[in-house]
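Engineer: return a 3D structure for these sequence lines:
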Amino acid sequence: MPAPGILPFVAETRLVDHHCHGVVTGDLGRIEFEQMLTEADTVSSLGTTLFDSLIGLAVRARCAPMLDLPPHVPAEVYLARRAELGAAEVNARFLRATGTTEFLLDGGFLPDTLTTTEQFAQLSGSRARDIVRLEQVAEAVIESTTAAGFASAFAGELAKRATTAVGFKSIAAYRVGLELAGERPTDAEVAEAAG
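Structural biologist: Residues are numbered from 1 along each chain as shown. Below you'll find the predicted structure:
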């Protein structure tokens, strides 16, 4: 249902999420849930809760009604309802409520704990396509090759993944900033770095 005040042609526009990740496949306890509300390594040690932060208030205001609860219910009530419905039902409700018709998923973030692209598509009832994270490809091939063979193995694996992917991405700027050299490294530089 469109939000009040949204023009009909805007409300009917197909939405594409051009950068997202899978969703958690299992039920979460309170600590695990709060860890998902932050990019910090731990929840606050000050005795506060992220449920009382802006993100926690937004989750309870927007998400609780999709679980048949009133907005701003206590955290314990919200978490109990999520557990009662189960992760698959909660994920399906949330994803389908977005009205998104296509999701482009970066599967390189926490791949062992989040849905695959196929699982995501089934939960969302929409099309989901792969965006390949270059660093994940490098991690996958580095363990089974030599430094000298890395570039070739990387190129082969990248070509294999390109058959089903709709795009590629890198998180290099997250690690080293935006001052990356624009020149392509030589084969010798790649082999040295891989070594």
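Engineer: closest to the centroid, which residue in the protein?
Structural biologist: Centroid-nearest residue in the chain, with C-alpha atoms, centre = their mean: His21, separated by 1.9 Å.
Engineer: need the pLDDT of it.
Structural biologist: Predicted confidence (pLDDT) for His21: 93.
Engineer: isn't it up against Thr113?
Structural biologist: No - taking contacts as C-beta atoms under 8 Å, His21 lies outside contact range of Thr113: 10.3 Å. From N, CA and C alone the C-beta is placed, and that goes for glycine too.
Engineer: elements contacting the biggest helix by length in the chain?
Structural biologist: Longest helix in the chain by number of residues, with DSSP state H as the criterion: helix 150-162. Counting contacts by 3 or more C-beta pairs under 8 Å, 6 or more residues apart in numbering; DSSP states H and E, helix 150-162 is packed against strand 127-133, helix 134-142, helix 187-194.
Engineer: mind checking how far the helix or strand encompassing Glu118 is from the chain centre?
Structural biologist: Glu118 is part of helix 117-124, with elements assigned from DSSP states H and E. Counting by C-alpha atoms, centre = their mean, to the nearest Å, helix 117-124 is centred 13 Å from the centre of its parent chain.
Engineer: picking up where we left off before, nearest to Arg14, of the helices and strands packed on helix 150-162?
Structural biologist: Closest to Arg14 of the helices and strands packed on helix 150-162 is strand 127-133 (C-beta to C-beta; 10.5 Å).
Engineer: mean confidence for the closest one?
Structural biologist: Averaged across strand 127-133, the pLDDT comes to 95.
Engineer: cool, and stretch 182-195?
Structural biologist: On average, stretch 182-195 scores 89.
Engineer: quick one: the strands in the protein?
Structural biologist: Assigned by DSSP state E, the chain shows strands spanning 15-20, 100-106, 127-133, 165-169.
Engineer: the third one to helix 117-124, inter-axis angle?
Structural biologist: Yep, that's strand 127-133 we're talking about. 140 degrees (axes from the mean of the first three to the mean of the last three C-alpha atoms, to 10 degrees).
Engineer: would you mark the buried spots in strand 127-133?
Structural biologist: Neighbour-count burial for strand 127-133 flags 128-133 (criterion: 16 or more other C-beta atoms under 10 Å).
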